[in-house]
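**Q** sequence and predicted model, in that order:
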Amino acid sequence: MTSLSLPAPAKLNLFLHVTGRRADGYHDLQTVFQFLDLSDDITFSLRADGDITLSPEIDGVPAAQNLIVRAARLLQRHTGCELGADIRLVKRLPMGGGLGGGSSDAATALLALDTLWQTGLGSDRLADLGLSLGADVPVFVRGFAAWAEGVGERLQAIDLPEPWYVVLTPEAHVSTAAAFGHPELTRNTTPITMRAFFAGGGRNDFEPVVRRLSPAVDAALEWLAQRGSARMTGTGACVFMACPDRHEAERILAQAPAAGFISRGLNRSPAHVALDRILRPHRI
Ligand SMILES: C[C@@](CO)(OP(=O)(O)O)[C@H](O)COP(=O)(O)OP(=O)(O)OC[C@H]1O[C@@H](n2ccc(N)nc2=O)[C@H](O)[C@@H]1O
Ligand SMILES: Nc1ncnc2c1ncn2[C@@H]1O[C@H](COP(=O)(O)OP(=O)(O)O)[C@@H](O)[C@H]1O
């Protein structure tokens with residue numbers, strides 16, 4: 001195999017609790033991750049000389065800081081692999097919106113290059129490696145919808161309904177570090193059980209602080225909440241609502257005062273579905 005194309009899907013945090021602050025300054029979380037069928041697409045072509053190239057570059061993100069290139073370099077360093085890759089990125093996921101696009105791109109790079117370079121780490125070790133790039137990378141590497149604890153690395157598969165979502169993308173950039181560092185963030189939410197989540201429990205602890213930081217997020221949440229159960233994903237700025245069907249999601253989006261998209265919730269990452277098809281084309 002000399003080249004490989006894989007999607008890098010978005011995620012939603014169906015709820016997000018901050019349950020404590022750790023000695024290293026990071027925060028313990030409880031969350032549920034589900035994937036969306038909206039993805040970036042990334043093509044990896046083998047190079048024999050060890051170079052990593054990325055095109056096109058993302059405006060404002062130099063290639064060396066792009067999580068795709070950082071993931072590729074990390075895998076090279078970790079395995080001693082002397083191969084390289086030319087990488088083409090089709091970016092569709094809004095950035096900095098709590099949809100996890102950068103982490104998902106990094107995870108897809110780890111999965112694709114582990115295959116293309118035949119470094120054979122597999123998803124457990126890739127997930128450990130990916131954690132050093134970002135707290136959201138492991139769930140994308142593992143590829144199953146998950147109940148998550150710790151900083152998001154302790155994952156347990158969870159079987160969720162796969163509804164159509166309407167997702168609004170208000171014009172706001174909310175820095176993850178600023179949201180975690182906000183003096184008014186609730187940092188001691190009592191952990192809940194999976195049963196309580198399925199009974200409708202859980203919220204996003206970042207909503208109050210992000211609504212105060214961003215009038216656009218506040219307005220989008222207020223508008224969506226008039227139509228059903230609306231929530232913010234991650235540290236924002238995107239907000240979402242599950243709908244009974246695709247038609248209803250389209251209808252709500254058409255009336256929305258902010259830009260957005262509709263997308264299906266998925267319990268299995270499209271990156272894994274695509275990789276399985278490539279590696280095991282004859283399996284039913
Ligand atoms: C909040 C979540 C929920 O899924 O999503 P996003 O809103 O970013 O999508 C994630 O936990 C975000 O993970 P990620 O975006 O990978 O964060 P990182 O780059 O690892 O961390 C950025 C900064 O946020 C703070 N941080 C992050 C995670 C965490 N559990 N505790 C923290 O205090 C730290 O100050 C860190 O330096
Ligand atoms: N491949 C990438 N795609 C998106 N963002 C990236 C990428 N590589 C690095 N970044 C940086 O990561 C930041 C967070 O991006 P993203 O993962 O889309 O948002 P979030 O963490 O809110 O879900 C971006 O603003 C950008 O500076």
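**A** Done, it's in. Numbers count the residues shown, from 1 in each chain. Ligands and ions are numbered 1, 2, ... in the order given.
**Q** can you verify my assumption that His272 contacts Gly143?
**A** Yes: in this structure, His272 is within contact of Gly143 by C-beta atoms under 8 Å, at 3.6 Å. In short, each C-beta sits where N, CA and C put it, glycine included.
**Q** quick one, which of these two is more surrounded?
**A** The neighbour comparison of His272 against Gly143 (other C-beta atoms under 10 Å) goes to Gly143, with 24 against 21.
**Q** for ligand 1, what's its nearest residue on this protein.
**A** In the chain, the residue that lies nearest ligand 1 is Gly234 (2.3 Å; C-beta to the nearest ligand atom).
**Q** for the spatially closest residue to that residue that is not a sequence neighbour, grab the count of nearby residues.
**A** Nearest in space to Gly234, with sequence neighbours left out and distances taken as C-beta to C-beta, 6 or more residues apart in numbering, is Gly98 at 2.9 Å. For Gly98, the neighbour count with other C-beta under 10 Å is 30.
**Q** Gly98 contacts Cys238, doesn't it?
**A** Yes: using C-beta under 8 Å, Gly98 is in contact with Cys238, at 5.2 Å.
**Q** quick check: neighbours shared by these two?
**A** Met232 (C-beta atoms under 8 Å, 6 or more residues apart in numbering).
**Q** confirm the residue nearest to Gly234 sits in a helix?
**A** No: Gly98: not assigned to a helix; according to DSSP: H, G, I helix; E, B strand; the rest coil it is coil.
**Q** helix, strand, or coil at Ser103?
**A** Once three-state DSSP is applied, Ser103 turns out helix.
**Q** quick one: pLDDT of it?
**A** Note on Ser103: pLDDT of 98.
**Q** leaving out sequence neighbours, find the closest residue to it.
**A** Going by C-beta to C-beta, 6+ apart, Ser103 has Asp136 as its nearest residue, at 3.7 Å.
**Q** the one you found: neighbouring residues, count only.
**A** 28.
**Q** Gly50 too?
**A** Using other C-beta under 10 Å, Gly50 has 11 other residues around it.
**Q** surely it and Gln76 touch.
**A** Yes: Gly50 lies in contact with Gln76 (C-beta under 8 Å); the separation is 7.2 Å.
**Q** please parse this protein into its domains.
**A** 3-158, 164-266 (automatic domain parsing).
**Q** these: which one's closest to ligand 2?
**A** Closest among the domains of the chain, once you apply C-beta to the nearest ligand atom, is domain 3-158, at 2.9 Å.
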